[in-house]
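Asks: Let's see this in three dimensions:
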Amino acid sequence: MRSKFKALLYLLGASLVLGLPWALLSPGEPSPAGGPIANGGANPSALKASFRAWWSDHDARGGDRNVVYSLGWSKGYSREYSTARGIAQLDLLEGSVQVELQGLRSGEEWDVWLVENRPGGGALADRGDRMQRLGRVTAGPGATRLSSRLGAGFFNRFQADLIVVCRAGKKPEEAGVLFGSPDFFQRLYTQRRMKPSPMPSHQATGLASLFGPRVASATAFDSLDALVAQGADLFQNEKFNGNGRTCGTCHPPRNNFTIDPKFIATLPPNDALFVFESNPDLGQNFENSQLLREMGLVTENADGFDDLAHKFVLRGVPHTLALLNSRLPQPNSSFEPMPPVERLGWGGDGAPGSGSLREFALGAIIQHATRTLNRTPGVDFRVPTDQELDAMAAFQLALGRQEEVDLPNMIFKSPIVRRGQTVYLTGDSAGGTLAAGKCNRCHFNGGSNVSVGNQNRNFDVGIEQLPNHPANLILPGAMPIDGGFGTAAKTGGGFGNGRFNPTVVVEAADTGPFFHNNAVSTIEEAVDFYNSAAFNNSPAALGFKSQDTGGIGIHLETTDVESVAALLRVLNALENIRSSSEFDRAVAGKSMDQARMLSELALADTGDAIRVLEERNLHFTAIAKLKEAYALERLIPTTAKAQKRNALIPRILSLKEQARAEMIETQ
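Replies: This is a model prediction of the structure:
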């Protein structure tokens with residue numbers, strides 16, 4: 001997955017130069033395992049399938065009669081700091097809005113506004129936007145509620161891009177404190193309802209032709225292809241008039257959309273990641289140069305910019321693969337009664353306002369792309385438009401797996417991996433079977449959701465209590481306590497309730513370091529953390545103890561740590577084999593340039609599969625087969641005749657299938 005995105009962008013750029021319609025860039029409808037531009041590149045077709053599933057569920061819950069926005073403080077945009085949160089429920093058909101706010105100071109008056117951003121303008125409340133005041137509330141000791149009826153048909157004339165809570169008598173652009181907006185799927189759903197389009201059928205041309213004939217869409221989602229392509233370009237290239245960084249600076253596609261010390265060491269001194277080292281306006285309290293370079297840690301002011309020297313945390317950069325399998329939060333949690341609308345890594349607190357993937361880009365631009373520490377919109381950076389936020393969200397949601405694996409029914413060949421599967425699913429390590437699997441509880445089927453409810457919940461697993469963090473050994477006292485989600489002061493330092501959200505683990509082996517603070521470097525160390533006193537004395541472990549008949553947290557023998565890690569390595573390699581094989585199949589019958597690009601995509605995934613197995617001496621025969629396939633893939637860019645290139649494909653696929661068969665029973 002290291003370099004294939006660059007090749008994908010080249011193809012997309014070539015399509016623009018050639019004037020090919022974006023609607024023709026769809027790779028067709030998804031197979032059950034995902035579409036052909038999977039894992040390292042975006043898959044618009046699979047995103048369509050995920051959107052259809054969301055659409056069906058949304059319809060069952062009332063559709064546009066039941067639209068929910070989360071409301072929250074927005075670092076960089078809120079005119080004052082607030083720990084308050086809220087929920088707004090909109091009936092877009094009948095024209096009514098119900099708002100509930102918690103945490104406002106009793107006796108204070110607040111106005112609630114709807115904002116429709118002007119076309120082409122920034123995605124925040126600005127002078128010139130259309131605005132509709134919903135009403136005024138006086139905060140009481142408990143929840144504060146507002147009910148407003150605007151009339152049927154109102155939302156046919158007014159697009160609610162934002163809900164803003166501000167001081168009474170002030171305008172949203174002057175005194176906005178709490179912000180909320182719809183997530184990407186909701187915006188897409190409402191736009192499709194308001195502006196229905198025909199269901200065109202296209203012949204396979206452009207990038208679609210690289211992957212075989214196009215199947216006509218069952219519904220009118222062809223614009224997703226153009227949106228994903230636009231998002232890919234914005235993610236990699238758009239600097240938003242800031243300091244030179246792009247989203248891809250910290251989430252480089254060629255490094256699995258994350259950064260680590262080994263990758264950082266390959267960057268030239270003038271890379272935008274190091275802009276603070278040459279820009280005096282960012283010389284202090286922007287990044288810690290030594291810990292960025294040696295630990296891959298970036299500075300995050302998750303609790304505001306009012307005290308940059310003391311109010312910050314240092315976190316690793318989460319990858320953006322398989323977000324569709326990890327983004328749903330836990331509703332009605334006693335710890336987070338009004339959680340962010342989407343879970344997006346670590347504390348789930350990286351996005352401003354309602355906490356959606358669209359708004360994550362806003363927070364990233366404010367935090368990482370600013371010209372100065374003033375972080376003034378329109379001066380230090382350009383605010384992205386709603387269209388740009390939609391495009392970047394579409395691109396990121398189209399990355400990686402679109403479905404979970406079926407881990408209990410996978411039959412692995414290696415007895416070591418089978419042992420890891422048993423421990424992962426059942427918690428059987430010391431000989432006795434516990435009531436339920438421990439790994440599988442929070443990483444169901446190798447994902448990031450809990451085993452009941454399909455939610456990505458936050459847990460306090462005690463990672464902040466792990467002693468001797470490498471960053472503090474490198475620079476004593478440099479690593480502050482990170483309180484995770486929330487803004488309440490935490491005992492021992494930091495702000496939050498100590499809870500962080502799990503990440504997907506199928507992609508884990510080639511996306512380290514691990515945990516929100518890069519505490520450990522290998523997947524084996526990450527598994528072994530759950531043997532530590534820090535974990536077994538944590539609230540999460542104590543919760544396990546109260547639920548399990550065995551009365552214990554987690555204890556894994558050293559051999560079982562290796563077995564679970566071996567399972568995760570093999571899962572990672574299998575996913576890489578699957579995606580690289582799809583690129584190989586697409587080479588047949590293509591032009592030289594097309595074949596070259598596709599082979600680069602395949603080579604990146606094949607190389608990852610080899611690496612994650614070789615690092616722990618797993619499946620020597622499979623590694624040998626993959627290396628043979630890799631050598632043949634390298635011939636494709638230098639083989640001029642299509643007939644000879646085509647002849648390579650069956651041999652490559654056969655070798656990969658043989659490698660796969662060394663690891664797992666074919667089902």
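Asks: got the contact list for stretch 275-286?
Replies: 243-245, 269-270, 287, 289, 299, 308-309, 312, 370-373 (C-beta atoms under 8 Å, 6 or more residues apart in numbering). Quick note: C-beta positions are derived from backbone N, CA and C, even for glycine.
Asks: where does the stretch 51-200 of the chain dip in pLDDT?
Replies: 196-200 (pLDDT under 70).
Asks: could you pull out the helices for it?
Replies: 154-157, 172-175, 184-194 (DSSP state H, counting those that start in this stretch).
Asks: Next, format these as JSON lines and append mean neighbour count and distance to Pro502.
Replies: Below are the helices of the stretch 51-200 of the chain laid out as JSON lines (neighbours: other C-beta atoms under 10 Å; distance: least, C-beta to C-beta, whole Å):
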{"stretch": "helix 154-157", "mean neighbour count": "16", "distance to Pro502": "37"}
{"stretch": "helix 172-175", "mean neighbour count": "19", "distance to Pro502": "35"}
{"stretch": "helix 184-194", "mean neighbour count": "18", "distance to Pro502": "22"}
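Asks: Could you report the pLDDT at His202?
Replies: At His202, the model reports a pLDDT of 31.
Asks: same check, this time on Pro32
Replies: 29.
Asks: Now the two most distant members of the contacts of stretch 275-286.
Replies: Asn270 and Ala309 (27.2 Å; C-beta to C-beta).
Asks: if you count what's nearby, which of the two comes out ahead?
Replies: Asn270 (11 against 7; other C-beta atoms under 10 Å).
Asks: distance of the more buried one from Leu104?
Replies: 47 Å (C-beta to C-beta, to the nearest Å).
Asks: which residues touch Val317?
Replies: Counting by C-beta under 8 Å, 6+ apart, Val317 has contacts Cys250, His251, Thr258, Ile259, Gly296, Val298.
Asks: ok, which pair from those is furthest apart?
Replies: For these, and using C-beta to C-beta, no pair is farther apart than His251 and Gly296, which are 12.3 Å apart.
Asks: and the residue nearest to Asp303 when sequence neighbours are not counted, what are its bridge partners?
Replies: By the measure of C-beta to C-beta, 6 or more residues apart in numbering, the closest residue to Asp303 outside its immediate chain neighbours is Phe495, 4.5 Å from it. Judged by DSSP bridges, the bridge partners of Phe495 are Ala489.
Asks: so Phe495 touches Thr487, yeah?
Replies: Yes - with contact defined as C-beta atoms under 8 Å, Phe495 and Thr487 form a contacting pair (5.2 Å).
Asks: Give the residues shared as contacts by those two.
Replies: With C-beta under 8 Å, 6+ apart as the test, Phe495 and Thr487 both reach Asp303.
Asks: Do I have it right that Pro340 meets Ala351?
Replies: Yes - the criterion here is C-beta under 8 Å, and Pro340 meets it with Ala351 at 6.4 Å.
Asks: Separate out the buried members of the contacts of stretch 275-286.
Replies: Asn243, Arg245, Glu287, Thr299, Phe312, Thr370, Arg371, Leu373 (16 or more other C-beta atoms under 10 Å).
Asks: count of residues packed around Ala647?
Replies: 12.
Asks: ugh, typo on my part, it should be Arg634
Replies: 13.
Asks: got it, and the one 5 residues further on?
Replies: If you count neighbours by other C-beta under 10 Å, Thr639 ends up with 18.
Asks: how close does it get to Thr511?
Replies: 32 Å.
Asks: ok, back up a step: next, check the contacts of Val317 against the strands and list the overlap.
Replies: When DSSP state E is applied, those are split such that Val298 fall in strands.
Asks: From His58, how far off is Ser278?
Replies: 48 Å.
Asks: Sketch out the low-pLDDT regions of the stretch 301-450 of the chain for me.
Replies: For the stretch 301-450 of the chain, the ranges with pLDDT under 70 are 427-437.
Asks: all strands of it, in order?
Replies: Per DSSP state E, counting those that start in this stretch, the stretch 301-450 of the chain carries strands over the ranges 313-315.
Asks: Same question for the chain.
Replies: Going by DSSP E, the chain shows strands at 67-73, 85-91, 96-102, 109-116, 130-138, 144-149, 162-167, 176-180, 298-300, 313-315.
Asks: For Glu336, which of these is the nearest?
Replies: Comparing these by C-beta to C-beta, strand 85-91 comes nearest, at 8.6 Å.
Asks: now the angle from the closest one to strand 67-73?
Replies: Relative orientation of strand 85-91 and strand 67-73, computed by axes from the mean of the first three to the mean of the last three C-alpha atoms, to 10 degrees: 160 degrees.
Asks: For strand 85-91, give me every contacting residue.
Replies: By C-beta under 8 Å, 6+ apart, strand 85-91 touches 64-73, 96-103, 155, 160, 163, 165, 178, 180, 337-338.
Asks: Next, the buried residues of that strand.
Replies: Arg85, Gly86, Ile87, Ala88, Leu90, Asp91.
Asks: in its sheet, what does that strand sit against?
Replies: strand 67-73 (antiparallel), strand 96-102 (antiparallel).
Asks: Can you check which of these gets nearest to Gln236?
Replies: strand 67-73 (28.7 Å).
Asks: so how far is the closest one off the chain centroid?
Replies: Put simply, strand 67-73 sits 19 Å off its chain's centre (C-alpha atoms, centre = their mean, to the nearest Å).
Asks: Stretch 598-610 too?
Replies: 22 Å.
Asks: and that stretch, C-alpha only, in PDB?
Replies: Taking C-alpha atoms only, stretch 598-610 is exported to PDB below (Å, rounded to 0.1, in the frame of the first residue of the first chain):
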ATOM      1  CA  LEU A 598      -2.000  -1.000 -12.000                       C
ATOM      2  CA  SER A 599       1.100  -3.000 -11.500                       C
ATOM      3  CA  GLU A 600       2.500  -0.300  -9.200                       C
ATOM      4  CA  LEU A 601      -0.700  -0.600  -7.100                       C
ATOM      5  CA  ALA A 602      -0.400  -4.400  -7.000                       C
ATOM      6  CA  LEU A 603       3.300  -4.300  -6.100                       C
ATOM      7  CA  ALA A 604       2.700  -2.100  -3.100                       C
ATOM      8  CA  ASP A 605       0.200  -4.500  -1.600                       C
ATOM      9  CA  THR A 606       2.200  -7.600  -2.400                       C
ATOM     10  CA  GLY A 607       5.200  -6.000  -0.700                       C
ATOM     11  CA  ASP A 608       3.200  -5.300   2.400                       C
ATOM     12  CA  ALA A 609       2.100  -8.900   2.600                       C
ATOM     13  CA  ILE A 610       5.600 -10.100   2.300                       C
END
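Asks: For that stretch, the averaged confidence score.
Replies: 88.
Asks: hmm, back to that, mind checking which of the helices of the stretch 51-200 of the chain is nearest Thr666?
Replies: So among the helices of the stretch 51-200 of the chain, helix 184-194 is nearest, using C-beta to C-beta, at 35.1 Å.
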